[in-house]
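In: I need the structure of the sequence given here:
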Amino acid sequence: MEVFRKYFSEKQLQELEDTGPNWGVNVHTVGHHQHLPGTSYPDPQHPSSYVFDWSKGRRLAEYQIVFVANGEGVYEGEKTGLTKVQAGTIMLLFPGVWHRYKPLRETGWEEFWVGFDGLFADYLMRQECFDPEQPLIGIGFNAEFLDIFRRLIDVLKYEGVAFRQISSCLVIQMLGLVYSSALMKNQTQLRQKQIVQSVLFKIHENWEQALDFKAIAKEQNVSYEWLRKAFKAEKDISPGQYLLNLKIEKSGQMLRETTLTVAEIATKSGFESEFYFSRIFKKKMGQAPSSYRGK
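Out: Down below sits the predicted model:
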């Protein structure tokens, strides 16, 4: 697909305002560009109100949807740390919210964008699933979404009859798809949190046992791979390592607060032998169980 950029000046926007209804969505800019590996970013052909320097970032006076169709990069926002951006990701940009983004020099990326504002746009973007603190939405390769973007570009390229109204309707349609994707993302995250919390409860209730996480995953109707990935996303550690750390924490408490022998504590903590327990304890705590008790 060829490169395309369209920016309406303030004067043009005012003239368009007088041509009829826009359904509460004013389109300010739309475009498509392929940034090849090793090229500078952003494209210097953007107007001064849109171009930005990575060291400074920028704040827009409008909403934008930026879709990365191919390649990889990074995004950082006022309320978001530096985050990797993969192909199939939508970046939602909000008025007045500082941000910056760029493709990796090794990969470059292909991007589509549309900038807009308006009363109905404000209403839509205030929905709970559109969150400035979570501006990245993975939509993957969505043929319908890309088709709307291409139609939007064609409408503004040729400026046919009622192009302003048609472009507004296309942006509303696009936001509907993004909205449904955001809802699905939120539902997935909620389910993920619920499952991880359930597994955490099971771990703490049965910490002294050798838990079978494949069986636990089956109980939750998910694969072990899914459970492990979800658990790490929530707790930054695998379920097996979380259980092991809890065993060491509990055994350390028994070493400090009871007169049980090291062998008895190893058995109570679910370790297969005193030797294995002592080796793992020393690895985790930096000293042998007997030394830890006597400190």
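In: and the helix or strand encompassing residue 30, which residues are buried?
Out: Assigned by DSSP states H and E, residue 30 belongs to strand 26-35. When burial is assessed from 16 or more other CB atoms under 10 Å, strand 26-35 yields the following buried residues: 26-33, 35. Every residue, glycine included, has its C-beta placed from N, CA and C.
In: for stretch 52-69, how far is the first residue from the last?
Out: Using CA to CA, to the nearest Å, the end-to-end distance of stretch 52-69 comes to 21 Å.
In: and if you look at stretch 43-52?
Out: Distance across stretch 43-52, first residue to last, is 9 Å (CA to CA).
In: re earlier: parallel or antiparallel, which strands does the strand holding residue 30 pair with?
Out: strand 4-7 (antiparallel), strand 109-117 (antiparallel) (DSSP bridges).
In: Any chance you could list what contacts the last one?
Out: Just to be clear, that refers to strand 109-117. Residues from elsewhere that reach strand 109-117 (CB atoms under 8 Å, 6 or more residues apart in numbering): 25-35, 50, 60-73, 85, 87, 95, 103, 146, 149, 152-153, 171, 174.
In: Please repeat the previous calculation with a cut-off of 6 Å.
Out: Under the criterion CB atoms under 6 Å, 6 or more residues apart in numbering, residues 25-35, 62-71, 73, 103, 149, 171 lie in contact with strand 109-117.
In: now swap in stretch 40-58 and tell me
Out: Under CB under 6 Å, 6+ apart, the answer for stretch 40-58 is 7, 33, 35, 98-100, 102-103.
In: In ChimeraX, how would I pick out whichever of these are buried, leaving the exposed ones unselected?
Out: The ChimeraX command for the buried members of the contacts of stretch 40-58 (criterion: 16+ other CB under 10 Å) is given here:
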select :33,35,99,100,102,103
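In: Now tabulate the contacts of stretch 40-58 in a markdown table and tack on pLDDT.
Out: A markdown table is the format used below for those (pLDDT from 0 to 100):
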| residue | pLDDT |
| --- | --- |
| 7 | 65 |
| 33 | 91 |
| 35 | 92 |
| 98 | 95 |
| 99 | 95 |
| 100 | 95 |
| 102 | 95 |
| 103 | 96 |
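In: per-residue confidence for the nearest residue to residue 140 once chain neighbours are set aside?
Out: The shortest distance from residue 140 to any non-neighbouring residue, by CB to CB, 6 or more residues apart in numbering, is to residue 88 (4.2 Å). Looking at residue 88, its pLDDT stands at 87.
In: what does residue 15 give?
Out: 60.
In: Show me what counts as buried in stretch 86-102.
Out: 87-94, 97, 99-102.
In: among those, which are in strands?
Out: Of these, the ones assigned to strands by DSSP state E are 89-93, 99-102.
In: hmm, back to that, kindly calculate the angle that the strand holding residue 30 makes with strand 99-103.
Out: 30 degrees (axes from the mean of the first three to the mean of the last three CA atoms, to 10 degrees).
In: one step back: ok, of the buried residues of strand 26-35, which one's closest to residue 278?
Out: Distances from residue 278 to the buried residues of strand 26-35, taken as CB to CB, are shortest for residue 35 (56.3 Å).
In: pLDDT-wise, which helix or strand of the chain ranks last?
Out: helix 10-17 (a mean of 62; mean pLDDT, DSSP states H and E).
In: Where does pLDDT dip in the stretch 101-250 of the chain?
Out: Counting by pLDDT under 70, the stretch 101-250 of the chain shows low-confidence ranges at 161, 186-190.
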